[in-house]
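[1] pasting the structure only:
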Ligand code: TYD
């Protein structure tokens, strides 16, 4: 895991939007407007009011999260600092580097959380206990 990563390495990527009177289109293309090659795409939907998703960190996985419909908040945490990013437009992608704890909260009704991911699903890439996450981050600090 990139234990040095910080929430300041995560950023909003403004995607292009092609306007059309009969609807807009946004394109995400490897090596064009996303900082990693996409190997997997999944989406969360029918999230009940008040539910929270995420609640984990990844060791190697890069992700870009898009509110394809509706809105929600992504809470990013690197063990030292936290920030909340509201996603509410389908042409904004939140790039999340490895080694960041994330929670996704405040889903609006009908929200669709689209996730583009750099690797295939690997359950061993997840860190699901917050204390274990902090240990990973702190191990690295003690090596500096
Ligand atoms: P999880 O990543 O924990 O969801 P979230 O972060 O949105 O709360 O995944 C939920 C379940 O779905 C878990 O049992 C693992 C499974 N899953 C897959 O089998 N493949 C996948 O690509 C993903 C993302 C999840």
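    The structure has been received and is ready for your questions. Just so you know, these numbers come straight off a predicted model, no measurement behind them. Residues are numbered from 1 along each chain as shown.
[2] Could you pick out the residues of the chain near the ligand for me?
    Selection of the chain residues close to the ligand by C-beta under 6 Å from any ligand atom yields 40, 42, 44, 53-54, 121. Backbone N, C-alpha and C define where each C-beta goes, glycine included.
[3] Of those residues, keep whichever come out buried.
    44, 53-54 (16 or more other C-beta atoms under 10 Å).
[4] So which of these sit within strands?
    Those of these mapping onto strands are 44, 53-54, per DSSP state E.
[5] What pLDDT is listed against residue 2?
    We have a pLDDT of 69 for residue 2.
[6] where along this structure do the strands fall?
    11-14, 40-44, 53-58, 63-69, 72-77, 82-87, 92-96, 101-105, 112-117, 126-127.
[7] which helices and strands does the fifth one pack with?
    Of the remaining helices and strands, those touching strand 72-77 by 3 or more C-beta pairs under 8 Å, 6 or more residues apart in numbering; DSSP states H and E are strand 82-87, strand 92-96, strand 101-105.
[8] Same question for the third one.
    The contact analysis (3+ C-beta pairs under 8 Å, 6+ apart) places strand 53-58 against strand 101-105, strand 126-127.
[9] can you check the second one too?
    Secondary-structure packing of strand 40-44 (3+ C-beta pairs under 8 Å, 6+ apart): strand 112-117.
[10] so what strands line up beside the strand it packs on?
    strand 40-44 (antiparallel), strand 63-69 (antiparallel) (DSSP bridges).
[11] How many residues are close by the closest residue to residue 53 other than its chain neighbours?
    Take residue 53 and drop its neighbours on the chain: the residue closest to it by C-beta to C-beta, 6 or more residues apart in numbering is residue 104, 4.3 Å away. By other C-beta atoms under 10 Å, the residues close to residue 104 number 21.
[12] roughly how far apart are residue 104 and residue 32?
    Using C-beta to C-beta, to the nearest Å, we find residue 104 at a distance of 26 Å from residue 32.
[13] so who does the residue at the greatest distance from the centre of the chain touch?
    Computed with C-alpha atoms, centre = their mean, the residue of the chain farthest from its C-alpha average is residue 21, at 30.6 Å. Residues counted as contacts of residue 21 (C-beta atoms under 8 Å, 6 or more residues apart in numbering): none.
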